[in-house]
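1. Okay, here's the prediction I keep looking at, along with the sequence it came from:
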Amino acid sequence: MATIYDVASRAGVSPATVSRVFNGTSVSQEKADAVRRAASELAFTPNRAARNLRLQSSEVIALVIPDIENPYFTEMARGVEDVASEAGYSVVLCNSDSQVDKEAAYLRIAMAEHMSGVIIATADGTSDLDGIVATGRPVVAVDRATAYDIDGVVMANREAGSSAAKVLLDAGHRRIAYIGGPEHIDTAVERAAGWRAVLTAAHPDLDLDELERFSTFRVDGGRDAMQELLALPEPPDAVVAGNNLIGVGAIQVLSEQGLTPPRIGVAVIGSLPFTTLSPTAVTVVRLPARQMGVSAARMLFERIGGDRRPPRTVVLSGEVLPARVAHR
């Protein structure tokens, strides 16, 4: 089924121009003719219900994220903004601080201000999207899956966890710990599952419960968990950090105790935003955050443009960048 992006490409205009033509907004006759000709050739039929909704909506979308200070989410936001700007829309950035109540307040504002759609990385598994979904406005979930029948773009989290663990195993490490975010957030749990599967297969005698920690997705979470792990009777010889900021916190503690890689191996899921170590000292599973934002925004604008396909989920894989230092 053709989308407004297909029509725009065929007509040689922007997606925003296609939207304006079918919304009855004034554009040049030449562009209007090109759009209608392209739509006819592609058998593109705008959804009347979606069109009626658009007429009641502003050319603004909301992006709701849990942590504006995390470079991962700001990189994702850049991808959303790039696509929105191309489509002639503005983006309102909303920081929920991983608080469900604050997130709900932003969703109420999005409805009250007649925003055209919402892209959301939910605060946690209890996030309530009933209201915004009931309005018929498009909603796309990013980074974290939801229980709602909506479009989504997520990372291959289990794969990221297993890839990080495999690199450390191949480097000669054995007691490999895992530090993840909150246990009620699916990204933390899935990355842990990938780590656990690899370690279980390689060393079934290890007590993985002893080596697993769930904390926050922030620097203090990585610090607290790393300190706990180093205090074990038999500390780990390597650690998988479940996101970029956890990695920063873990590395800070290791540096303070003179245990920087390669003395203790570190693999981080997500690019390190800042560290005193050489980036080649740490294995990184780089996540395509900007591409996530681009993909989510394109899905949203396809829905705004009348796409009626069943909801779908796009899964993006990370890129493994092994440490380039001498190991144990």
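-> Done, it's in. Numbers count the residues shown, from 1 in each chain.
2. Against Val315, how distant is the residue positioned nearest the centre of the chain?
-> Among the residues of the chain, the one closest to the centroid is Asp143, at 2.9 Å (CA atoms, centre = their mean). Distance, Asp143 to Val315, by CB to CB, to the nearest Å: 12 Å. Any C-beta I mention is one placed from the backbone N, CA and C, and that applies to glycine too.
3. so what sits against both of those two?
-> Here Asp143 and Val315 have Val153, Val154, Met155 as joint contacts, going by CB atoms under 8 Å, 6 or more residues apart in numbering.
4. Partner strands of the helix or strand hosting the first one, with direction?
-> Secondary structure assignment for Val153, by DSSP states H and E: strand 151-155. Within its sheet, and counting by DSSP bridges, strand 151-155 is paired with strand 139-142 (parallel), strand 313-316 (parallel).
5. any idea which of those strands is most buried?
-> Most buried of the strands paired with strand 151-155 by mean neighbour count (mean count of other CB atoms under 10 Å) is strand 139-142; its value is a mean of 26.
6. Low-confidence stretches in the stretch 51-200 of the chain?
-> 51-57 (pLDDT under 70).
7. Do a quick rundown of the strands in it.
-> When assigned using DSSP state E, counting those that start in this stretch, the strands of the stretch 51-200 of the chain occupy the ranges 58-65, 90-95, 115-120, 139-142, 151-155, 176-180.
8. Let me have the ones you listed in JSON lines, adding distance to Ala39 as columns.
-> Compiled in JSON lines, the strands of the stretch 51-200 of the chain are given as follows (distance: least, CB to CB, whole Å):
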{"stretch": "strand 58-65", "distance to Ala39": "20"}
{"stretch": "strand 90-95", "distance to Ala39": "26"}
{"stretch": "strand 115-120", "distance to Ala39": "20"}
{"stretch": "strand 139-142", "distance to Ala39": "24"}
{"stretch": "strand 151-155", "distance to Ala39": "23"}
{"stretch": "strand 176-180", "distance to Ala39": "47"}
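9. Tell me which of those is the most buried.
-> Mean neighbour counts for the strands of the stretch 51-200 of the chain (mean count of other CB under 10 Å) peak at strand 176-180, with a mean of 29.
10. For the stretch 201-328 of the chain, which segments count as helices?
-> 208-211, 219-230, 244-256, 289-304 (DSSP state H, counting those that start in this stretch).
11. Tell me the buried residues in the longest one?
-> By that I understand helix 289-304. 289-290, 292-304 (16 or more other CB atoms under 10 Å).
12. Quick check: the gap between the nearest residue to Val167 once chain neighbours are set aside and Ser163.
-> Spatially, and ignoring its direct neighbours in sequence, Val167 is nearest to Thr283 (4.7 Å; CB to CB, 6 or more residues apart in numbering). Taking CB to CB as the measure, Thr283 falls 9 Å from Ser163.
13. Give me the common contacts of those two.
-> By CB under 8 Å, 6+ apart, the residues touching both Thr283 and Ser163 are Val320.
14. Show me which of those two is the more surrounded one.
-> Shown here are Thr283 and Ser163; by other CB atoms under 10 Å, Thr283 has more neighbours (27 against 24).
15. From Asp6, how far out is that one?
-> For Thr283 relative to Asp6 (CB to CB), the value is 40 Å.
16. Val13 now?
-> 12 Å.
17. Just give the number of residues close to Asp186.
-> Neighbour tally, Asp186, other CB under 10 Å: 16.
18. so what's the residue nearest to it when sequence neighbours are not counted up against?
-> In space, and not counting its chain neighbours, Asp186 is closest to Ala145: 5.4 Å by CB to CB, 6+ apart. Contact analysis of Ala145 by CB under 8 Å, 6+ apart lists Gly152, Val154, Asp186, Thr313.
19. just checking, the last one touches Ile150?
-> No - with contact defined as CB atoms under 8 Å, Thr313 and Ile150 do not form a contacting pair (9.3 Å).
20. Now the residue lying closest to Leu287 once chain neighbours are set aside: phi and psi?
-> Nearest-residue entry for Leu287: Gly318, 4.7 Å, with adjacent residues in sequence omitted and distances by CB to CB, 6+ apart. With angles defined as degrees, to the nearest 10, Gly318 sits at phi -90, psi 170.
21. From Asp82, how far out is Gly318?
-> Distance from Gly318 to Asp82, counting by CB to CB: 21 Å.
22. quick revisit: TSV for the strands paired with strand 151-155, including distance to Val239?
-> Formatted as TSV, the strands paired with strand 151-155 follow (distance: least, CB to CB, whole Å):
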stretch	distance to Val239
strand 139-142	27
strand 313-316	24
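23. To Gly172, which of those strands lies closest?
-> strand 313-316 (30.1 Å; CB to CB).
24. ok, how many other residues are close to Ile246?
-> Ile246 has 32 neighbours, counted by other CB under 10 Å.
25. Make sure it is actually in contact with Phe217.
-> Yes - at 6.5 Å, Ile246 and Phe217 qualify as touching, with contact defined as CB under 8 Å.
26. Name the residues contacting each of the two.
-> Common neighbours of Ile246 and Phe217 (CB under 8 Å, 6+ apart) are Gly181.
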